[in-house]
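> need a structure here:
(chains A and B)
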There are 2 protein chains.
Amino acid sequence: MTVERPNEKRRPRVVIIGAGFAGLKAARTLANREVDVTIVDRNNYHKFQPLLYQVATAGLEPDEIAQNVRSLFRRAKNVRFHLGTVEAIDHDRHEVSTHDGCRLGYDYLIVAAGTVSTFFGIEGAEEHSFPMKNVPEAVRLRNHVLRQFERYDKDPRARQGGRLNFVIVGGGPTGVEMAGALVELFDILQRDYKDIDTSKARVILVEMLDQLLPGQHPDLGEYAKKVLERRGVQVCLETAVERVTDTEVHLKGGETIPTRTMVWGAGVKADPLAEALGVELAGGGRIPVRDDLSLPDHPEVFAAGDITAAEGADKKMYPQLAAVANQQGEHAAKQILRRIEGGETEAFRYRDYGTMATIGRNAAVGEFPGGIRVKGFIAWLMWVGLHVAMLAGFRNRMNVFINYAINYLTYDRNARLIFDMIPVPEEVPMEVEEVDEEITQSLEEIADRNE
Amino acid sequence: MTVERPNEKRRPRVVIIGAGFAGLKAARTLANREVDVTIVDRNNYHKFQPLLYQVATAGLEPDEIAQNVRSLFRRAKNVRFHLGTVEAIDHDRHEVSTHDGCRLGYDYLIVAAGTVSTFFGIEGAEEHSFPMKNVPEAVRLRNHVLRQFERYDKDPRARQGGRLNFVIVGGGPTGVEMAGALVELFDILQRDYKDIDTSKARVILVEMLDQLLPGQHPDLGEYAKKVLERRGVQVCLETAVERVTDTEVHLKGGETIPTRTMVWGAGVKADPLAEALGVELAGGGRIPVRDDLSLPDHPEVFAAGDITAAEGADKKMYPQLAAVANQQGEHAAKQILRRIEGGETEAFRYRDYGTMATIGRNAAVGEFPGGIRVKGFIAWLMWVGLHVAMLAGFRNRMNVFINYAINYLTYDRNARLIFDMIPVPEEVPMEVEEVDEEITQSLEEIADRNE
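Purely as a prediction, here's the structure:
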């Protein structure tokens, strides 16, 4: 069945799939304009992806990097939220449908569903590795890491087999930030575990290419490697993973690393929803778009963010970065407004303000237009300021800042809690349909008895 | 296999089962004394149970009411933590064994495993209700409640069948606090849900006896009822539940309440671990003890907290309260120290400093020795101060206070996030045992390749 919102004066309906950076920015651009906006997401929160690794390493709590989507748009009367997973897009009927059978009609559609992990067909990688693309995965990894120390501590049998080897695959920002945060966590855990030597724990960072932070200048990759190695991380460049089991990582060179924990930071591909568009996809399953970010045969459909295969003037695809997603989300929304007002759309052009990655306490790298590169403590301060400022919502910003400050001053982490959650089973569809009148009556009867 | 801690000079070993109020207090009493203490718990955190309902109603985040046990005992060199679920107690060998086959020897044992929910054999209650005894259950309830509003909002089909009826069974402090917090949540949610009238949501509080807060003076129960009713809660006294399905609660009177959410706050019984002691148990499965809290035939085994059937001078069992647990934990620990020093044990006597329960924003009740009763705003301020002060750990106290203050000033809640967690499967036991030397070698080979 189709869900129609009450709509006295029929305004153009915009559906935005995804509440990531691109979707959120698009919705903000359309807030309080003459359109009806519906954001669809499988979660009721926006997650601040760049700090997910902090959740996985017990530095921040999930709620500190997540913000309820509805509360972000409280003051935007024309923006609505729909909790659901989009499964199909019907170009002819101009409708998207969700997993639970709801259909949402649109006049304009922005597809900003982001990416999912991909394992390049490496045997056992999907089954035995710990990806870190969303909040539940980050919490699961945190629980798992802490549990390895618990097992190592209490049971001498569990001290063998590389229990405290943590292998991180992928030397991009995620892998580098994760490696830096993990070795810091080991130091902090030493105070909790009196009977074991947590410095026996090792982080092995595996990267296929010949430098860390591949997108960045080689100097910065070299600096990241030096800092990480000084802090105890074993960095293995030009190293590929061949096969993974629950107790071992087999490298292409023939070596085997015994481990219970392989963190997957190596590869993403576009969300499979891209396939639902019925167009031929670009590399990485990304959606090819015209220069205004709309689909070649569907001017009413736009793509924005990591799922998009937009090309810059140099004919290269834009990198999958929060900054690109933000700008594309805003651009797609603006083109819809232009279209509605009868104007021509404009080409998207990415304004590169630079990129940054942190390597841990007191060390980060950054690269800015004009060949300006920064590294070290100053870069780290910039990184902290930038990320705190970027976090959506006043409350989160304050909490995160407090936690950062306390962690920095005390060398401590708050979130060393193993929370195993109980999954909620999917609801059984109703068979008997009751009406509200009956309910009211029944309740009044009960109330009567008590008066 | 037996886990023996390095122990040059053999000191008496005390094992404490449970990191609740009783276990924690016992461990604190024994900290830095001439004993070796091991706390065993199935979670690596102490949870502040009196505020669990705040987690379930999106007022606080789990980490704000949980504290890592190890970090609480960082400065106590003689206190250790063991993550595990105790399954058996062997009086002859003086050993407890955990689910994963670890055995812990003891000279003295304190059983402080607390309680679990009991459903009095009510058909469907265990399967279809939402108990609220631990953090995962509270988070699951929060997710479920928020999801009802999401479904009600987006799908007119889902507006029937009592989707927004929330039935709470049990008019004790848990039920009263939960009811008060839920109706407040509805107000807050109104700002998030623009298309529905959240005041249609109803809380029905069902209590078998003829007053709310049964342990308290009838005046306070009457006050709680009046406050809750003024805020929109339907209070049904002398009402019992007969049967529960996934869409209905059937009352003994014959009425049926359509609902998707029955919160279970009605009954607890002692943790089944009590049965492992091999003694005849008292009412509610509780462990009968001598007046010094030790077991009649096992002077080296003590019980403390909600699992204990200790009797006061009036021959009535002490109530299952945090204050009793705290005092019993301390008492049991002190008796062990006396025993070690060759002294006689003393009888436990509960010092009643009073009890409090909050009914929601600005309203609470309290009852103190000498017949002193307080209610209203002053009681609420006392309740807030008391609970903030009681929370273990500086960090948590500050965070909780900040959140309280912000919630109070903004009428808002931070934690309206639906976090579905991924459960971690139990680990497959190792078959091949590798030694650390091999690991080191393998890693060095890899490192060599990169130099």
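> What ranges in the stretch 351-451 of chain A fall below the confidence cut-off?
A:391-417, A:419-451 (pLDDT under 70).
> do the same with chain A
For chain A (pLDDT under 70), the answer is A:1-9, A:391-417, A:419-451.
> quick one: contacts for the most centrally placed residue in it?
Centroid check for chain A by CA atoms, centre = their mean gives A:Gln49 as the closest residue, at 3.8 Å. Neighbour list for A:Gln49: A:20-21, A:322 [criterion: CB atoms under 8 Å, 6 or more residues apart in numbering or on different chains]. Glycine gets a C-beta too; all of them are placed from N, C-alpha and C.
> What is the burial count for A:Glu70?
In this structure residue A:70 is Arg, not Glu. Using other CB atoms under 10 Å in any protein chain shown, A:Arg70 has 24 neighbouring residues.
> And it, how close does it get to B:Phe130?
Distance, A:Arg70 to B:Phe130, using CB to CB, to the nearest Å: 23 Å.
> cool, A:Arg140 as well?
23 Å.
> now A:Phe48
For A:Phe48 relative to B:Phe130 (CB to CB), the value is 30 Å.
> check which helix or strand covers A:Ala181.
Per DSSP states H and E, A:Ala181 falls inside helix A:173-190.
> cool, A:Arg339 as well?
In the assignment (DSSP H and E), A:Arg339 maps to helix A:322-340.
> elements contacting that helix?
When contacts are defined as 3 or more CB pairs under 8 Å, 6 or more residues apart in numbering or on different chains; DSSP states H and E, helix A:322-340 packs onto helix A:21-30, strand A:108-111, strand A:298-303.
> how about these in CSV, adding distance to chain B and mean neighbour count?
Output for these, formatted as CSV (distance: least, CB to the nearest CB, whole Å; neighbours: other CB atoms under 10 Å in any protein chain shown):
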stretch, distance to chain B, mean neighbour count
helix A:21-30, 14, 26
strand A:108-111, 18, 29
strand A:298-303, 22, 22
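> Indicate which one of those is closest to B:Lys200.
Minimum separation from B:Lys200 across these (CB to CB) falls at helix A:21-30, 27.1 Å.
> Run the angle between the closest one and helix A:322-340 for me.
Taking axes from the mean of the first three to the mean of the last three CA atoms, to 10 degrees, one finds helix A:21-30 and helix A:322-340 inclined to each other by 40 degrees.
> what does helix A:21-30 contact?
With CB under 8 Å, 6+ apart, helix A:21-30 has contacts from A:14, A:16-17, A:19, A:37, A:39, A:41, A:46, A:49, A:69, A:72-73, A:76, A:78-79, A:110, A:112, A:114, A:304-306, A:308, A:322, A:325-330, A:332-334, A:336-337, A:392.
> 6 Å instead, please
Applying CB atoms under 6 Å, 6 or more residues apart in numbering or on different chains, the contact partners of helix A:21-30 are A:14, A:16, A:37, A:39, A:46, A:79, A:110, A:112, A:304-305, A:322, A:325-326, A:328-330, A:332-333.
> Can you list the buried residues in the helix holding A:Arg339?
A:322-337, A:339-340 (16 or more other CB atoms under 10 Å in any protein chain shown).
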